[in-house]
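Student: Mind looking at a prediction? Sequence and model below.
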2 protein chains.
Amino acid sequence: MEQSRPVLQVDVRRPQRADARRNFDALLAAARDAFASKGVGASLEDIARQAGVGIGTLYRNFPARQDLLNAVYFGEIEELCLAAEQAADLPPWEALTTWLHRFVGYAATKRAIWESLNREADSFKAAREAMYAAGAPLFERAQEAGEARNDVSFDDLLRMVSGLTAAGFVDQAQRDRVLTIALDGVRAR
Amino acid sequence: MEQSRPVLQVDVRRPQRADARRNFDALLAAARDAFASKGVGASLEDIARQAGVGIGTLYRNFPARQDLLNAVYFGEIEELCLAAEQAADLPPWEALTTWLHRFVGYAATKRAIWESLNREADSFKAAREAMYAAGAPLFERAQEAGEARNDVSFDDLLRMVSGLTAAGFVDQAQRDRVLTIALDGVRAR
DNA sequence: ACTATAGCGGAGGGATGCCTCCGCTATCAA
DNA sequence: TTGATAGCGGAGGCATCCCTCCGCTATAGT
């Protein structure tokens, strides 16, 4: 009824044979870059070329564009959920902000993917839930410690940070500075 | 040497003849919608069709895609600069936030255009400067009145708001709520 | 080493978009 | 009203992308 092992399961199976696995990974890496730099509309043929494989190989692994998009996207989410677990050791407010900064860092160049996924798909819902399950405890802990406002929802917070993620900044330093400012608005006074 | 009359001048001339002017305006309106809903990659042929004119007419008025993009974009900026003047009558903090909310409102659906303009073009620089010239005084006034933090730059602020502009929100209410939270981080304490 | 076969790659057909070109039409000054 | 002409529109050539299909090749178990 319910998958339990990995946080997400979007069965895009990694092939068995060594050469196939190599190609699969190369495609994923190339797609990650291409989507980040050229948006969701990036040419699949370019991606295959970049990965050093034929277009046929791309289609064998990812029959539809969306499958490739999903694979990249869910991979990112997976890593982020992991980061939340690791942050849990820190004190409440620090744990929250650490994770959020990481959220921005990872997603900064990946904004394009979000766009296409704003449409409601069921697998997308699962990802969102995993995301929330990972981050919400950090936020609630900060609230309980009296460090975060109680009249702000985790959904508000995540969307705010998503926005900052998408914005164009001069450099990483400005991005972090601005995130910190915005987070000050969330801090209890 | 220096244009002085309108805030911006990106000489995309509006045609003289009545029918031509009608078409020009229809194209601009159709482009505004198309770019907003489908991104900068929207099909020019669709835009022409939507405007009820031939593709040839589109190209006569806007020889390159970028020309159309510019026309739409600079139109928006123009309106925003106007809004800043109107907000100047309000008390400092209110004037600033009023304008910023308007900024979000106008730009909310237009995020796609920003993307393509993040590349450095000289005319883009002019737009950015106009934008800053319009909004910065509101911010400085709020700072002088002790209502806004002094360790935040107007550039930081605008980029923060731009980000929130781009984020996907459930509804306008959430967007405003989140903007208010983020602005709390800018408020002097 | 051998061989069954999983996996490969890229040619090519179909679709779509970009942009040019030119014969036709609506506008407006006289 | 009429004529000069600014402006129209869409056919069509070119480029690009998507995706399928199938003969070839590398892998891995024996």
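Tutor: Received the coordinates, thanks.

Student: Which positions in chain A make contact with DNA strand C?
Tutor: A:15-17, A:19-20, A:23, A:52-57, A:59-61 (CB under 7 Å from any atom of the strand). In this view, the C-beta of every residue, glycine as well, is placed from N, C-alpha and C.

Student: Show me the shaky parts of chain A.
Tutor: Counting by pLDDT under 70, chain A has low-confidence residues at A:1-12, A:105-127.

Student: residues contacting the residue lying closest to A:Arg141 once chain neighbours are set aside?
Tutor: Closest residue in space to A:Arg141, ignoring its immediate chain neighbours: A:Pro92 at 4.5 Å, by CB to CB, 6 or more residues apart in numbering or on different chains. Shown in contact with A:Pro92 (CB atoms under 8 Å, 6 or more residues apart in numbering or on different chains): A:Leu138, A:Arg141, A:Ala142, A:Glu144, A:Ala145, A:Glu147.

Student: go with 10 Å
Tutor: Contact partners of A:Pro92, counting by CB atoms under 10 Å, 6 or more residues apart in numbering or on different chains, are A:Leu138, A:Phe139, A:Glu140, A:Arg141, A:Ala142, A:Gln143, A:Glu144, A:Ala145, A:Gly146, A:Glu147, A:Ala148.

Student: can I get these in a markdown table with secondary structure, distance to A:Val186 and neighbour count?
Tutor: Below are the contacts of A:Pro92 laid out as a markdown table (DSSP: H, G, I helix; E, B strand; the rest coil; distance: CB to CB, whole Å; neighbours: other CB atoms under 10 Å in any protein chain shown):
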| residue | secondary structure | distance to A:Val186 | neighbour count |
| --- | --- | --- | --- |
| A:Leu138 | helix | 12 | 24 |
| A:Phe139 | helix | 9 | 22 |
| A:Glu140 | helix | 13 | 14 |
| A:Arg141 | helix | 14 | 17 |
| A:Ala142 | helix | 9 | 23 |
| A:Gln143 | helix | 10 | 18 |
| A:Glu144 | helix | 14 | 11 |
| A:Ala145 | coil | 13 | 14 |
| A:Gly146 | coil | 13 | 11 |
| A:Glu147 | coil | 9 | 17 |
| A:Ala148 | strand | 6 | 23 |
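
Student: Verify the contact between A:Val152 and A:Val186 for me.
Tutor: Yes. A:Val152 lies in contact with A:Val186 (CB atoms under 10 Å); the separation is 5.6 Å.

Student: Give me the more crowded residue out of these two.
Tutor: The neighbour comparison of A:Val152 against A:Val186 (other CB atoms under 10 Å in any protein chain shown) goes to A:Val186, with 26 against 20.

Student: Correct me if wrong: A:Leu44 contacts A:Phe62.
Tutor: Yes. The criterion here is CB under 10 Å, and A:Leu44 meets it with A:Phe62 at 8.5 Å.

Student: Show me which of these two is the more surrounded one.
Tutor: Taking neighbours as other CB under 10 Å, A:Leu44 and A:Phe62 compare with A:Phe62 leading, 22 against 16.

Student: ok, the more buried one to A:Ala29 distance?
Tutor: 13 Å (CB to CB, to the nearest Å).

Student: which residues are common contacts for those two?
Tutor: Residues touching both A:Phe62 and A:Ala29 by CB under 10 Å, 6+ apart: A:Ile47, A:Val72.

Student: Work out for me the element A:Arg32 sits within.
Tutor: Using DSSP states H and E, A:Arg32 falls within helix A:18-38.

Student: Can you name the element that comes right after that helix?
Tutor: helix A:44-51.

Student: close to DNA strand D, is that following helix?
Tutor: Yes. Under the criterion of CB under 7 Å from any atom of the strand, DNA strand D is reached by helix A:44-51 at A:Leu44, A:Glu45, A:Asp46.
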